[in-house]
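Asks: Build me a model:
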Amino acid sequence: MRAMERWLERNLAVKVLSVFLALVLWFQVMREENPVVQETFEEVPLRPEGLGAGLVILDQQPRLVSLKVQGQARVVRKMTTAQLKATVELSELGPGVHWVPVKVEMPRGVELVQVSPAEVMLQIDRLVQQNLPVQVRLEGKVHEDFRHQDPRVHPEVVMISGPASLVEAVASVWVRVSLQGAREDLSVQVEVRPLDETGREVAGVHVEPKAVTVEIPVVPLPPAKMVTVQPVLVGQPAPGYEVSSVACQPARVKVRAPQDRLARIGAAYTEAISVAGRSEDLVRTVRVIMPEGATHLEPTTVRVTVQIAEKRERLTFEDIPVRLRNVAAGLRWQILPPEVSVTVEGRSAAVQAIDPLDVEAYVDVANLGPGRYQLTVSVSPLEGVEIEEVLPDQVTVILEPR
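Replies: Numbers count the residues shown, from 1 in each chain. Model prediction:
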């Protein structure tokens, strides 16, 4: 009996040892087939949690984190980013800039080795809203034979909501509508743009509704025609000066009126332009007066150039004797008619200063022998004036031997 017990004791020890060795061997095999490994998961979304009512995240840097994890290969290598949860707790935070630690929840059997970055920056602001009227910016022009009336907006007011700092930066809300070439009423849906004081669009705010309907009546204009612009000058230039020319740019304007009235409109007149006491040219942009019976005028202003010069005068000197020049020796002559009239033009002062005795009319007979000739009369230059006319401009010259 004791021999049996001793054998059993020895056999049990062998069995225990065998089981132990088997387990060691199993763990060794498993370690080799399924080792512990590390894996890095990039761009794991970071989820804010617990943000208080009436608050909004204005900025978050970064929005993605990198996680390095450790675990058995069979588990880790089957993991996806969706199984990882990275969060920041905001329940105790109010408006301002905060640095918040990143919290990570790992699947069972996996350990977190590193999170990068360990902290993130969040800027929290109050969530506010305000109502603003929609303003319309019209671009282009309707067809020239039509005009547009004031636009109507539906709804007239939109609500701007978002972080307080951004909502407060919104100075106005606008829509743009093109009128180019329109011949009929317009009804368009247009996106609303929130703008700051400088006219730049404010991003990061919510507009409700995002688009509005703009209606613009387009109605036909009365018939039109082009008429000449007549500048109206008043006063007299300085003594010795006069208006030498007047020009308008543009020279004609378009007027519109009912057909029966349009036929009676012959010209359009400017407002009065004074030239009193002036001795120099005058350039003015002036208003064109709407002709009686007209309903539209385009353009409504013109540029008028008034040229002012010293007064010019024409004066005719009668009975100016015609003289001969370069008569050959031994010849006598006869001039028919012997006298001509000479007309000069120039500044009044220069014309009035001419002595009739200084007016010299002549014909040149150089190299001419005896005979009868029809020759052109010339006049010696006179200072400050121009020779305008000689009558007659030709005379008969008879040359005979003495």
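
Asks: Would you map out the domains in this structure?
Replies: 1-32, 36-117, 126-220, 224-310, 312-401 (automatic domain parsing).

Asks: List the buried residues for stretch 136-145?
Replies: 136, 138, 142 (16 or more other C-beta atoms under 10 Å). Where you see a C-beta, it was placed from the backbone N, CA and C, and this is true even at glycine.

Asks: First residue to last residue on that stretch, what's the distance there?
Replies: Across stretch 136-145, the terminal residues are separated by 23 Å (C-alpha to C-alpha, to the nearest Å).

Asks: who touches that stretch?
Replies: 148, 151, 153, 174-183, 214, 216, 218, 220-221, 224 (C-beta atoms under 8 Å, 6 or more residues apart in numbering).

Asks: just the buried members of those residues?
Replies: By 16+ other C-beta under 10 Å, those give 148, 151, 153, 174, 175, 177, 179, 182, 214, 216, 218, 224 as buried.

Asks: As TSV, the residues you listed with pLDDT, distance to residue 290 and secondary structure would be great.
Replies: Shown next, in TSV, are these (pLDDT from 0 to 100; distance: C-beta to C-beta, whole Å; DSSP: H, G, I helix; E, B strand; the rest coil):
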residue	pLDDT	distance to residue 290	secondary structure
148	93	20	strand
151	95	26	coil
153	96	32	strand
174	95	33	strand
175	95	33	strand
177	95	29	strand
179	94	24	coil
182	94	25	coil
214	96	31	strand
216	96	25	strand
218	95	23	strand
224	93	13	strand
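
Asks: Break down the stretch 101-250 of the chain into its strands, ranges please.
Replies: Assigned by DSSP state E, counting those that start in this stretch, the strands in the stretch 101-250 of the chain fall at 103-105, 110-116, 119-139, 146-148, 152-154, 157-163, 172-178, 186-191, 193-195, 206-208, 211-216, 218-220, 224-234, 241-249.

Asks: looking at the ones you listed, which is closest to residue 392?
Replies: Residue 392 lies closest to strand 241-249 among the strands of the stretch 101-250 of the chain, at 31.1 Å (C-beta to C-beta).

Asks: got the angle for that closest one vs strand 224-234?
Replies: For strand 241-249 against strand 224-234, the angle by axes from the mean of the first three to the mean of the last three C-alpha atoms, to 10 degrees is 160 degrees.

Asks: relative to strand 224-234, how tilted is the helix or strand following strand 241-249?
Replies: Tracing the chain past strand 241-249, the next element assigned as helix or strand by DSSP states H and E is strand 252-256. On the basis of the same axes, to 10 degrees, strand 252-256 is oriented at 120 degrees to strand 224-234.

Asks: quick one: strands adjacent to strand 252-256?
Replies: Strand 252-256 has the following strand partners under DSSP bridges: strand 224-234 (antiparallel), strand 296-298 (antiparallel).

Asks: What strands line up against the next helix or strand after the last one, and which way round?
Replies: Using DSSP H and E, the next helix or strand after strand 296-298 towards the C-terminus is strand 301-310. Using DSSP bridges, strand 301-310 pairs in its sheet with strand 241-249 (antiparallel), strand 282-287 (antiparallel).

Asks: for this protein, which spans come out with low pLDDT?
Replies: Across the chain, the ranges flagged by pLDDT under 70 are 1-34.

Asks: returning to that earlier point: which of the strands paired with strand 301-310 sits closest to residue 385?
Replies: strand 241-249 (16.7 Å).

Asks: Give me the buried stretch members for that closest one, please.
Replies: Applying 16+ other C-beta under 10 Å to strand 241-249 flags 241, 243, 248 as buried.

Asks: do stretch 84-93 as well
Replies: 84, 85, 86, 87, 88, 90, 93.

Asks: close enough to count as contact, residue 255 and residue 262?
Replies: Yes. Here residue 255 reaches residue 262: they are 7.2 Å apart, a contact under C-beta atoms under 8 Å.

Asks: Among these two, which residue is more densely surrounded?
Replies: Between residue 255 and residue 262, counted using other C-beta atoms under 10 Å, residue 255 has the larger neighbour count: 25 against 19.

Asks: Now do the contacts for the nearest residue to the more buried one once chain neighbours are set aside.
Replies: Closest residue in space to residue 255, ignoring its immediate chain neighbours: residue 294 at 4.6 Å, by C-beta to C-beta, 6 or more residues apart in numbering. Contact partners of residue 294, counting by C-beta under 8 Å, 6+ apart, are 255, 256, 257, 261, 262, 265.
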